[in-house]
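# Just the structure for this:
(2 chains)
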2 protein chains.
Amino acid sequence: MSEIHWTQTEQEISRSAFDRAYQREIQALMQDVAERANQVSEVSDLWQFHDFLSARRHEIDGKYDYRDSVLIFVFAQLVREKWLDLNELKGLAADKLAKISALVRMG
Amino acid sequence: MSEIHWTQTEQEISRSAFDRAYQREIQALMQDVAERANQVSEVSDLWQFHDFLSARRHEIDGKYDYRDSVLIFVFAQLVREKWLDLNELKGLAADKLAKISALVRMG
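Numbering: from 1, shown residues only, chains lettered A, B, ... in the order given. Below is the predicted model of the structure:
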């Protein structure tokens, strides 16, 4: 997988799809954070809220990895999690799309 | 300092003052958190908010140390930071109160 070549056009499509998924997930997280912050009424809620945010940040930091060698897997995960639609990757070479689709089905 | 003796009555006064200061600081933090959560509108805000909460949690965890050997210092800090009033420690032996007052003035 690490030797997949990405054309200039594919790089633009990828970057744009990647950034869009990230923005969507962050927007959803910000909304979730605002709601959870409003529900904090005890010390234990406060620390649970902090634990939640720490875990989400760690997960997001790990997931949004733009290295060529892992991008196919990242896209498959983002599609599986509904942060990205397969249609938004239109323009990538057919073999890449096929790999991503196969990984989505396997997930 | 580690060999200071605390009578039963002193222990009750201490515990109650300690818990009250903790509750006050946590209440203030919860209010702060709710306000800051409402102001998050970008990714960078979100991670800054998380950093803020991580730092406050770490600070509070370290500060509220109920070991006899450090309690005088803890009370001095809490008084200095206005989470506790010296009057709330009334009933402790005069030498303890004098030490706490001296530490407050030094802070």
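
# Give me the below-cutoff pLDDT ranges for chain A.
Applying pLDDT under 70 to chain A flags the ranges A:1-3.

# tell me, what residue is most central in it?
Geometric centre of chain A, nearest residue: residue A:78, 4.4 Å, by Cα atoms, centre = their mean.

# Now that one: which helix or strand?
Element membership for residue A:78, per DSSP states H and E: helix A:68-80.

# got the contact list for the residue nearest to the centre of chain A?
Residues near residue A:78 by Cβ atoms under 8 Å, 6 or more residues apart in numbering or on different chains: A:18, A:21, A:63, A:84. (Each C-beta comes from the backbone N, C-alpha and C, glycine too.)

# re the thing from before, could you look up the next helix or strand downstream of the helix holding residue A:78?
That would be, after helix A:68-80 and using DSSP H and E, helix A:94-106.

# Against residue B:81, how distant is the residue in chain A positioned nearest to chain B?
For chain A, the residue closest to chain B is residue A:37, as judged by Cβ to the nearest Cβ, at 3.3 Å. Distance of residue A:37 to residue B:81, computed by Cβ to Cβ, to the nearest Å: 24 Å.

# More neighbours: the two, which one.
Legend: neighbour count by other Cβ atoms under 10 Å in any protein chain shown for residue A:37 and residue B:81, higher for residue A:37 (22 against 13).

# Quick check: closest non-adjacent residue to that one.
Sequence neighbours aside, residue B:37 is the residue nearest to residue A:37 in space, at 3.3 Å (criterion: Cβ to Cβ, 6 or more residues apart in numbering or on different chains).

# can I assume the one you found is in contact with residue A:39?
No: judged on Cβ atoms under 8 Å, residue B:37 makes no contact with residue A:39 at a distance of 10.7 Å.

# just checking, what's the longest helix in chain A?
helix A:8-38 (DSSP state H).

# what helices or strands is it leaning on?
helix A:43-63, helix A:68-80, helix B:8-38, helix B:43-63 (3 or more Cβ pairs under 8 Å, 6 or more residues apart in numbering or on different chains; DSSP states H and E).

# Go again with 7 Å.
The contact analysis (3 or more Cβ pairs under 7 Å, 6 or more residues apart in numbering or on different chains; DSSP states H and E) places helix A:8-38 against helix A:43-63, helix B:8-38, helix B:43-63.

# could you give the angle of that helix to helix A:43-63?
Here the directions of helix A:8-38 and helix A:43-63 differ by 180 degrees (axes from the mean of the first three to the mean of the last three Cα atoms, to 10 degrees).

# Off-centre distance for helix A:8-38?
7 Å (Cα atoms, centre = their mean, to the nearest Å).

# Before I go, just wanted to say thanks for your time.
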